[in-house]
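> I'll drop the sequence and a predicted model, then ask my questions.
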Amino acid sequence: MLSLKILGLMGLLLLPGLASAAGKCERLVATGNPEYPPYLWRDPQSPQHLVGANADLLALIGKQLGVKIEIIYTGPWSRAQDEVRTGRVDLLAGAFLTLPRLESMDYVYPAFFSTPSVVWVRKGQGFPYSGWEDLRGRTGGTLVHNSFGQQFDSFAKANLSLEEVPSLIQAFQKLLLGRTDYVIYERYPGVALANTQGMLESLETLEPPISSEGLYLTLSHNSACNDPWLRGQLAKKMTELTAAGLPESLLQRNLERWKAQQAQAADVPPQEQEDSQ
């Protein structure tokens with residue numbers, strides 16, 4: 001009878017979640033869009049890492065799970081997605097839901113932000129706009145491998161002329177030079193980056209937004225750490241933290257953090273900035 005009890009206890013200890021299910025992966029590596037303040041951007045003090053609201057949220061989830069999550073810079077947005085797609089990096093810290101990504105990544109539900117994407121034009125040189133159809137016949141700009149939700153992506157592929165460039169700054173530069181008629185990009189990161197480049201006064205946005213998409217954490221199908229325990233725990237923690245309103249507070253905190261960093265950088269003489277790079 002005693003031996004049966006012992007066997008029963010041993011069986012319980014082996015149940016998923018009661019044993020240390022995260023044992024094989026005590027460290028995860030994440031990456032994301034490095035031109036995405038206040039969500040993500042390169043850390044001025046450690047340029048090989050990314051900081052921002054997404055990074056703070058992911059670090060907190062890792063801490064609660066007892067798994068160290070390092071958020072690294074892997075290059076432009078297109079390269080970051082490739083790194084996760086191949087499994088060289090485990091997690092993408094913020095992505096819209098698209099069919100191509102579903103083929104190589106598991107999405108962690110729920111989304112932690114809802115992000116509006118808008119049409120950017122040169123100040124005072126907008127055009128009549130009330131929706132997607134009004135973009136036909138014009139040349140637009142966007143980032144390589146960027147997405148604005150599956151519906152708009154499909155419409156754009158079939159109907160619009162969009163030139164892809166590696167960075168938002170390049171897209172805005174082409175717009176201001178008159179080489180494109182508009183740029184499509186998320187509102188808040190667009191404002192943040194245009195402001196630091198002195199471009200914001202020369203740009204404006206058209207309403208309404210082309211989309212407002214959920215921003216998700218994704219886990220590579222090819223990650224050695226991708227198992228049911230991890231997927232379940234990530235979803236559980238994301239549900240708890242979003243219900244508590246934490247992502248929004250992290251967003252506000254990082255808006256201030258980004259502004260403070262830009263103000264500090266503006267105060268540094270150009271020679272000192274060159275020496276620190």
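Nice, I can see it. Numbers count the residues shown, from 1 in each chain.
> Partner strands of whichever helix or strand S114 is part of and their direction?
Assigned by DSSP states H and E, S114 belongs to strand 105-122. Here strand 105-122 has these sheet partners by DSSP bridges: strand 182-186 (antiparallel), strand 203-220 (antiparallel).
> Make TSV from these and add mean pLDDT, distance to S147 and mean neighbour count to it.
In this view, the C-beta of every residue, glycine as well, is placed from N, C-alpha and C. Converted to TSV, the strands paired with strand 105-122 look like this (pLDDT from 0 to 100; distance: least, CB to CB, whole Å; neighbours: other CB atoms under 10 Å):
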stretch	mean pLDDT	distance to S147	mean neighbour count
strand 182-186	96	10	26
strand 203-220	96	8	19
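> Of all those, which one comes closest to V89?
strand 203-220 (7.0 Å; CB to CB).
> This structure: helices as residue ranges?
2-13, 53-65, 77-86, 99-102, 150-159, 168-176, 187-196, 228-243, 246-267, 270-276 (DSSP state H).
> for the record, mean pLDDT for the strand holding S114?
Confidence for strand 105-122, expressed as mean pLDDT, is 96.
> Tell me the gap between stretch 97-113 and the middle of its chain.
11 Å (CA atoms, centre = their mean, to the nearest Å).
> what sits up against it?
By CB atoms under 8 Å, 6 or more residues apart in numbering, the list of residues contacting stretch 97-113 from outside reads 39, 53-54, 57, 81, 84-85, 92, 94-95, 147, 149-150, 153, 213-222, 226, 231, 234-235, 238-239, 241-242, 247, 251.
> change it to 6 Å
Applying CB atoms under 6 Å, 6 or more residues apart in numbering, the external contacts of stretch 97-113 come out as 85, 147, 150, 214-221, 231, 234-235, 238, 242, 247.
> Flag every buried residue along the strand holding S114.
In terms of neighbour count (16 or more other CB atoms under 10 Å), strand 105-122 has its buried residues at 105-109, 111-113, 115-122.
> check contacts around the most centrally placed residue in the chain.
In the chain, the centroid-proximal residue (CA atoms, centre = their mean) is G94; its distance is 3.0 Å. By CB under 6 Å, 6+ apart, G94 lies in contact with G32, Y39, N54, L215.
> how about a cut-off of 10 Å?
Going by CB atoms under 10 Å, 6 or more residues apart in numbering, G94 touches 30-33, 36, 39-40, 50, 52-55, 57-58, 80, 111-113, 115, 215-218.
> Distance of it relative to L177?
30 Å (CB to CB, to the nearest Å).
> tell me the domain ranges of the chain?
Using automatic domain parsing, the domain parsing of the chain gives 25-114+214-262, 116-213.
> among these, which is the most enclosed?
Highest mean neighbour count among those (mean count of other CB atoms under 10 Å): domain 25-114+214-262, with a mean of 19.
> can you give me the end-to-end distance of that domain?
36 Å (CA to CA, to the nearest Å).
> picking up where we left off before, angle of the strand holding S114 against helix 77-86?
170 degrees (axes from the mean of the first three to the mean of the last three CA atoms, to 10 degrees).
> just the angle between strand 105-122 and helix 228-243, please?
40 degrees.
> by how many degrees do strand 105-122 and helix 150-159 diverge?
Angle of strand 105-122 versus helix 150-159, following the same axes, to 10 degrees, is 60 degrees.
> Please compute how far strand 105-122 lies from its chain's middle.
Taking mean C-alpha positions (CA atoms, centre = their mean), strand 105-122 and its chain are 8 Å apart.
> Ok, stretch 154-171 next?
Worked out by CA atoms, centre = their mean, stretch 154-171 lies 18 Å from the chain centre.
> Just the mean pLDDT for that stretch, thanks.
95.
> First-to-last residue distance for it?
21 Å.
> For the stretch 1-150 of the chain, give me the ranges with low pLDDT.
1-24 (pLDDT under 70).
> so how far is S220 from R231?
From R231 to S220 the distance is 12 Å (CB to CB).
> What of E240?
In terms of CB to CB, E240 sits 23 Å off from S220.
> Over to Y109?
17 Å.
> excluding its backbone neighbours, what's nearest V165?
Computed as CB to CB, 6 or more residues apart in numbering, the closest residue to V165 that is not its neighbour in sequence is A171, at 5.1 Å.
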